[in-house]
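Visitor: Structure for the following, please:
(2 chains)
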Amino acid sequence: MKKSPIRWSLLLLVLAGLVHAQNYMCQDGTVDVKPGTTAEDVVTFGADVIIRGNVFGTVYSVESDVTLGDGAVVTGDMTLIKGALTIARNAVIKGKILVFETLIKTDLPYFVQAGTLVFKDAGFKIQSIAGTVDQRVIDYLRRYLVMPRPVPAGRETVFPDFVDRSASAEGVGSFRISSLVEFNIQREIIDRSFAFRGTCDDQIVDITAIRFDTPADSEYFWNKVRTIPEARIDHSLHISLAGGAHWFFRHRDSSVVLWYNANWLFAVEVSGRGSAEKRDALRDKIVAFYTRQYARSEP
Amino acid sequence: MKNLDLDSAIGLYRRMDGTRLPEISSEKIAAAVLRSREKTGLMPAVRWIAPLAAAACLAVVLLTVIPGHAPSRNDRLTINITGYGSSLRSGQPQAQEFGPGPVQVLNYTSKNGKNVSVKL
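Guide: You can find the predicted model right below:
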């Protein structure tokens, strides 16, 4: 069967849209996937999400109002927690939909079968998980689900000015995360890397920044990092949606955050005696510093 | 019984420590020892080293196949990891009770392995 130029053009448009697909990570704002545009992943907390274009990745939204308008096509999965979901008649959802304490608004006919809303005509199901979500989990998601994963645009990183530096920058051949794991890396594959140590408020601050040759290398390294057993840590939140990944956790006397974005991997560890909340606060202050520092950077 | 010649030779030697078998000379004992070595092909010390070496090889193989200990196979990037055991992963979207308290965990894993994982 001969394909018409229109079909080829549409195919090219779709491919072009995939190439330029954007990741959305938003807190307390608005995400608008406009008609004719394509998004990869959408991650939100406390946001208004309006989807009228294509999402070929995942939608993960907490305390958000998500609207699938006419023409919306979500190819990936949707997970909605303590929010609202509005579905227009012409919306298409191809992935799995999982909701926790979420209000669903739609004109589409459906029936309920074992906790699942079946939209037979529209061709999708919504699995609704019974029970309430622990407020502590919601509070933790509020703090750490959305993170800009800041990285420098250039080749060098900086050290927070509010931390007393006790060691000079040096290349990284190996680095350690808490007392959990040590990585030994071939020096020659790392374009530039930095290791800093300092003290602040009687806490030791270790910052490691590694610039890999390619984003694929940093992702590869992240997959190694992710083999740290979650059973060994607590207060952990890991998310690898929406381009790159970040991971906050505590281990013994350390508060740790790791993130990667494009070629860069950052590791910030605050360790010392005192309360875990105090260590968390300093760690989060360092993350805020980097977020400000690299706010205008494009990795 | 592969060291029969050696053992019996030593035994005879011990038993003849007095005068019972004076006809067995030290040359005969040495010859019996030599035959024994030729038969087994191994010195007594070597007999210990061989199984130890095999056990060491097995340990290396086991450590290599355990996730997290395996050396990287990436052509351009080599990362060696030390310090912990195997990992715990979630498979499908799930709600779990975790730990002693009623802390609900909302985990999600996409088809391509991207995930959200919360553990308090």
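Visitor: what's the weakest-modelled helix or strand in chain B?
Guide: The helix or strand of chain B with the poorest confidence is strand B:94-98; it has a mean of 35 (mean pLDDT, DSSP states H and E).
Visitor: max-length helix in chain A?
Guide: Determined from DSSP state H, the single longest helix within chain A is helix A:276-293.
Visitor: ok, stretch A:270-289 near chain B or not?
Guide: No. Remark: stretch A:270-289 sits outside contact range of chain B, by CB under 8 Å from any CB of the partner chain, the gap being at least 11.9 Å. C-beta coordinates here come from the backbone N, C-alpha and C atoms, glycine included.
Visitor: Any regions of chain B where pLDDT drops low?
Guide: Residue ranges of chain B with pLDDT under 70: B:1-30, B:32-48, B:60-105.
Visitor: Contact partners for B:Leu106?
Guide: If you count contacts by CB atoms under 8 Å, 6 or more residues apart in numbering or on different chains, B:Leu106 has them with A:79, A:81, A:100, A:133, A:137, A:141, B:95, B:116, B:118.
Visitor: A:Leu237 is in contact with the last one, correct?
Guide: Yes. In this structure B:Val118 lies within contact range of A:Leu237 using CB atoms under 8 Å: 5.2 Å.
Visitor: residues shared between the contacts of those two?
Guide: Contact criterion CB under 8 Å, 6+ apart; residues shared by B:Val118 and A:Leu237: A:140-141.
Visitor: Who has more neighbours out of the two?
Guide: Comparing B:Val118 with A:Leu237 by other CB atoms under 10 Å in any protein chain shown, the one with more neighbours is B:Val118, at 25 against 21.
Visitor: For the more buried one, identify the helix or strand it belongs to.
Guide: strand B:115-119 (DSSP states H and E).
Visitor: same deal with A:Asn23?
Guide: strand A:22-27.
Visitor: Adjacent strands (with direction) for that strand?
Guide: If you go by DSSP bridges, strand A:22-27 pairs up with strand A:38-45 (parallel).
Visitor: so how far is the strand holding A:Asn23 off the chain centroid?
Guide: Its chain's average C-alpha position is 9 Å from that of strand A:22-27, according to CA atoms, centre = their mean, to the nearest Å.
Visitor: ok, then the element right after that strand?
Guide: Towards the C-terminus, the helix or strand next in line after strand A:22-27, according to DSSP H and E, is strand A:30-33.
Visitor: What residues sit buried inside that next one?
Guide: A:31-33 (16 or more other CB atoms under 10 Å in any protein chain shown).
Visitor: Which strands or helices does it pack on?
Guide: strand A:38-45, strand A:48-51 (3 or more CB pairs under 8 Å, 6 or more residues apart in numbering or on different chains; DSSP states H and E).
Visitor: Give me whichever of those strands is most buried.
Guide: strand A:38-45 (a mean of 25; mean count of other CB atoms under 10 Å in any protein chain shown).
Visitor: then stretch A:135-149 to CSV, C-alphas only?
Guide: Extracted C-alpha coordinates of stretch A:135-149, given in CSV (Å, rounded to 0.1, in the frame of the first residue of the first chain):
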residue,chain,number,x,y,z
GLN,A,135,1.2,12.0,55.9
ARG,A,136,4.9,11.5,56.7
VAL,A,137,5.4,10.1,53.2
ILE,A,138,3.6,13.1,51.7
ASP,A,139,5.7,15.5,53.7
TYR,A,140,8.8,13.7,52.5
LEU,A,141,7.7,13.8,48.9
ARG,A,142,6.9,17.5,49.4
ARG,A,143,10.5,18.1,50.4
TYR,A,144,12.4,15.9,48.0
LEU,A,145,10.3,14.7,45.0
VAL,A,146,11.0,17.7,42.9
MET,A,147,14.6,18.8,42.6
PRO,A,148,16.3,20.8,39.8
ARG,A,149,19.4,18.5,39.8
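Visitor: Let me know the average pLDDT across that stretch.
Guide: Here stretch A:135-149 scores 94 as its mean pLDDT.
Visitor: One more: stretch A:115-131?
Guide: Here stretch A:115-131 scores 87 as its mean pLDDT.
Visitor: Quickly check: that stretch near chain B or not.
Guide: Yes. Among the residues of stretch A:115-131, A:129, A:131 lie within reach of chain B under CB under 8 Å from any CB.
Visitor: buried sites along that stretch?
Guide: For stretch A:115-131, the neighbour count (16+ other CB under 10 Å) marks A:117-119, A:122, A:124-126, A:128-129 as buried.
Visitor: Mind putting these into a markdown table with secondary structure?
Guide: A markdown table is the format used below for those (DSSP: H, G, I helix; E, B strand; the rest coil):
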| residue | secondary structure |
| --- | --- |
| A:Leu117 | strand |
| A:Val118 | strand |
| A:Phe119 | strand |
| A:Ala122 | coil |
| A:Phe124 | strand |
| A:Lys125 | strand |
| A:Ile126 | strand |
| A:Ser128 | strand |
| A:Ile129 | strand |
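Visitor: And the furthest pair within those?
Guide: Farthest-apart pair in the buried residues of stretch A:115-131 is A:Ala122 and A:Ile129; separation 20.8 Å (CB to CB).
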